[in-house]
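Peer 1: show me how the following folds:
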Amino acid sequence: MQQETPEATADSRYHARNIRQMLQDTLSHAREDEARVDDPKALALFETTAEVLQGLITAYDHYEQKSEPAWQ
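Peer 2: Sure thing, here's the model as predicted:
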């Protein structure tokens, strides 16, 4: 019998954790780049990106913790 690879699993929590980590990595990258740019429009874009990603990360946290009625 062949075992499922983690990537092939139907466990939504596994995939949600992976996506959450990708969002966190991208958020960190955007925050780091804020310190590297001089263009005010780019800075605003990176700040907005980080804020939106933080909201998504919070939604993924709530999903994993089942802390919102929609995820219960």
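Peer 1: spatially nearest residue to Glu34, not counting backbone neighbours?
Peer 2: Distances taken as C-beta to C-beta, 6 or more residues apart in numbering place Phe46 nearest to Glu34, at 4.8 Å, with adjacent residues excluded. (Each C-beta comes from the backbone N, C-alpha and C, glycine too.)
Peer 1: phi, psi of that neighbour?
Peer 2: Main-chain torsions, Phe46, degrees, to the nearest 10: phi -70, psi -40.
Peer 1: tell me the contacts of it?
Peer 2: Neighbour list for Phe46: Ala30, Arg31, Asp33, Glu34, Val37 [criterion: C-beta atoms under 8 Å, 6 or more residues apart in numbering].
Peer 1: residue ranges in this protein under the pLDDT threshold?
Peer 2: Filtered on pLDDT under 70, the chain yields the residue ranges 1-4, 6.
Peer 1: where exactly do the strands run in it?
Peer 2: Assigned by DSSP state E, the chain shows no strands.
Peer 1: tell me which residue is most central in it.
Peer 2: When C-alpha atoms, centre = their mean is applied to the chain, the residue found nearest the centroid is Leu23 (2.5 Å).
Peer 1: that residue touches Ala59, doesn't it?
Peer 2: No - applying C-beta atoms under 8 Å as the test, Leu23 and Ala59 come out as separate, 9.6 Å apart.
Peer 1: can you get me a residue count around the residue nearest to Leu27 when sequence neighbours are not counted?
Peer 2: Sequence neighbours aside, Leu53 is the residue nearest to Leu27 in space, at 4.1 Å (criterion: C-beta to C-beta, 6+ apart). Leu53 has 20 neighbours, counted by other C-beta atoms under 10 Å.
Peer 1: again with Ala50
Peer 2: 19.
Peer 1: separation between it and Leu56?
Peer 2: For Ala50, the distance to Leu56 (C-beta to C-beta, to the nearest Å) stands at 11 Å.
Peer 1: so Thr49 touches Arg31, yeah?
Peer 2: No - Thr49 sits out of contact with Arg31 when judged by C-beta under 8 Å, with a separation of 9.2 Å.
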